[in-house]
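Student: Quick check, what structure comes out for this input:
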Amino acid sequence: MRWAPRTLAPNAARLRYDYDMDTDENTARPLAPENEPASIELADADDGALAPPEDEPKKPLVIVMHASVGSGHRSAAYAVAQAFELMRDADGERPDGQPPIPDDLDIEVIDVLDYGRIVFDGNNAASLFTGATRPIYDLTWRFTLTGRLLWGGGSIWSHLMYSKFTDYVRDRQPLAIVCTHITAANVAVAARMLTGQHYPIVCVPTDYETEGLWPHRAADLFCVANESMAETLRPRKVPEESILITGIPTRDDFRRAYDRPSVREQLELPQDRRIVLALAGAYLPRPYVHFRTALDKLLPYLHGFDDTLHFVFVAGSDADYARHLRQECEELGLANATVLDYVDDMAALMAASDLAICKSGGLTVTECLCAQVPMILLGKAYGQEKVNVQMLTSLGAAMHVTTARELLDTLRHVAKYPESARAMLINGSFLRHPNAAEDIANATLRLIAAPKNPGDPRYRKHLLHFYWGKKPAHIR
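Tutor: Sure, this is the predicted structure:
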């Protein structure tokens, strides 16, 4: 798996980094040993002229592309890329009916924002739509091209902003591009239109509804979380064969079974209490301000759960917040609370827990579903998070609270009636797809192997392609 850095130019040499970031390949190698001249070899038959460099044969390439707007799109991209790697490196023959995969397949994970004319931080941009500006984002997400007037795709994305990616695609000629963000999908479509290539484009929404800016008429396949999302796509005239219900992709460790007592012992957590996991860590703390405030208000009441619940607060990489939590727990004399910093094996911690308190991000709730831990979704939700809340609560797969008082009341209910948490777990199995990443990778390989028709309407060039759809299946 490869990852390209932010400093990009179409003709510049690129450093690539492995997924685990711990090999010698991460180090840029000089052309000659330090303090020594580079050696030059002359060709035998050219009278002293320098031999032209031989072009190395290009490996077959699959690009998995995201946009660094929140962590969910990136996590989903790496999950799909990991699935490709695991299948490529697996011993033995592929099972019957499974599409072939090249032994030398190269998988590259790309942040589409790196290829813009103007490179900006998508995470910081997303943070602008928190607090008082959240309703603006909510309206934009719910009502932009989600009615009868729909977006089909177009090359304008390349002309305006992402011509560097078009140049890269022209050079590398990928077998397929898997996209976990609308910007990535539209840029991939624009590049295909302008280069005249026929690689399949697979769209992977990372929430529980399909927003309006996906390139509906140009994408080869939509891998969606559930039937409700498929019902959204059908009135948008996406062909049935271009819709596949796979679930949202998560890393391979969320498919594994864990020894709960062993994990608890390693983390020094009690074996005789139900573990409540509060996921309060974030790369950007601003979206978590209200979430953390509610947890702070909850802390003085945790004494009431001494005999039933033990709370684990994950602060992530935010050392200041972790320090604050530890100080508060110490001052309050809480014996049933543990504060953790960044957790490497989150799947194991989730599997060892009995309940999670979290925000309603698509990847977060999907990881909880795959780890089989019931959820309390905390905080007001907007845009895609609002849809996630509605989907999970309508199925009885989660509880939703917006204030610290509601959270305390819900915890008291779960402590008194543990069957309610088990009911959420059973209901959540309806949305649980732990093999989603592998299914998406296999579907992509089938598209790669399928014959291509140059006359397919998907390959037509459009600067802007709008079209008229049917009555939407769901009212927003």
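Student: Ranking helices and strands of this protein by mean pLDDT, which lands last?
Tutor: Lowest mean confidence among the helices and strands of the chain (mean pLDDT, DSSP states H and E): strand 2-3, at a mean of 58.
Student: what's downstream of that one, the next helix or strand?
Tutor: If you walk from strand 2-3 toward the C-terminus, the next helix or strand you reach (DSSP states H and E) is strand 61-66.
Student: mind listing what's buried in that next one?
Tutor: Residues Leu61, Val62, Ile63, Val64, Met65, His66 are the ones in strand 61-66 that count as buried (16 or more other Cβ atoms under 10 Å). Glycine gets a C-beta too; all of them are placed from N, C-alpha and C.
Student: Listing partners with orientation, what would you give for it?
Tutor: Note on strand 61-66: by DSSP bridges, its sheet partners are strand 106-111 (parallel), strand 176-179 (parallel).
Student: Pick the most deeply packed of those strands.
Tutor: strand 176-179 (a mean of 29; mean count of other Cβ atoms under 10 Å).
Student: got JSON lines for the strands paired with strand 61-66, with distance to Arg251 too?
Tutor: Shown next, in JSON lines, are these (distance: least, Cβ to Cβ, whole Å):
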{"stretch": "strand 106-111", "distance to Arg251": "13"}
{"stretch": "strand 176-179", "distance to Arg251": "15"}
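Student: Need the pLDDT of Pro135.
Tutor: Pro135 is assigned a pLDDT of 80 by the prediction.
Student: Now do the SS call for it.
Tutor: helix (DSSP: H, G, I helix; E, B strand; the rest coil).
Student: so how far is Gly383 from it?
Tutor: To Gly383, Pro135 is 10 Å away according to Cβ to Cβ, to the nearest Å.
Student: Of those two, which one has the most company?
Tutor: Legend: neighbour count by other Cβ atoms under 10 Å for Pro135 and Gly383, higher for Gly383 (20 against 12).
Student: just to revisit the earlier point, pick the one among the buried residues of strand 61-66 closest to Ile101.
Tutor: Among the buried residues of strand 61-66, Val62 lies closest to Ile101 (Cβ to Cβ), at 9.4 Å.
Student: Find me the pLDDT at that closest one, would you?
Tutor: 99.
Student: wouldn't it be in contact with Cys179 here?
Tutor: No - the pair Val62 / Cys179 is not scored as a contact, 11.7 Å apart, by Cβ atoms under 8 Å.
Student: Which residues does the strand or helix carrying Leu233 contact?
Tutor: If you go by DSSP H and E, Leu233 is part of helix 227-233. Here helix 227-233 makes contact (Cβ atoms under 8 Å, 6 or more residues apart in numbering) with 205, 208-210, 216, 222, 224, 243, 245, 391, 472-474.
Student: go on, stretch 413-421?
Tutor: Under Cβ under 8 Å, 6+ apart, the answer for stretch 413-421 is Arg274, Phe305, Thr308, Leu309, Asp354, Leu355, Pro374, Ile376.
Student: Let me have the residues you listed in TSV, adding secondary structure, pLDDT and neighbour count as columns.
Tutor: Formatted as TSV, the contacts of stretch 413-421 follow (DSSP: H, G, I helix; E, B strand; the rest coil; pLDDT from 0 to 100; neighbours: other Cβ atoms under 10 Å):
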residue	secondary structure	pLDDT	neighbour count
Arg274	strand	98	16
Phe305	helix	98	21
Thr308	coil	97	17
Leu309	strand	98	21
Asp354	coil	98	19
Leu355	strand	98	26
Pro374	coil	98	24
Ile376	strand	99	21
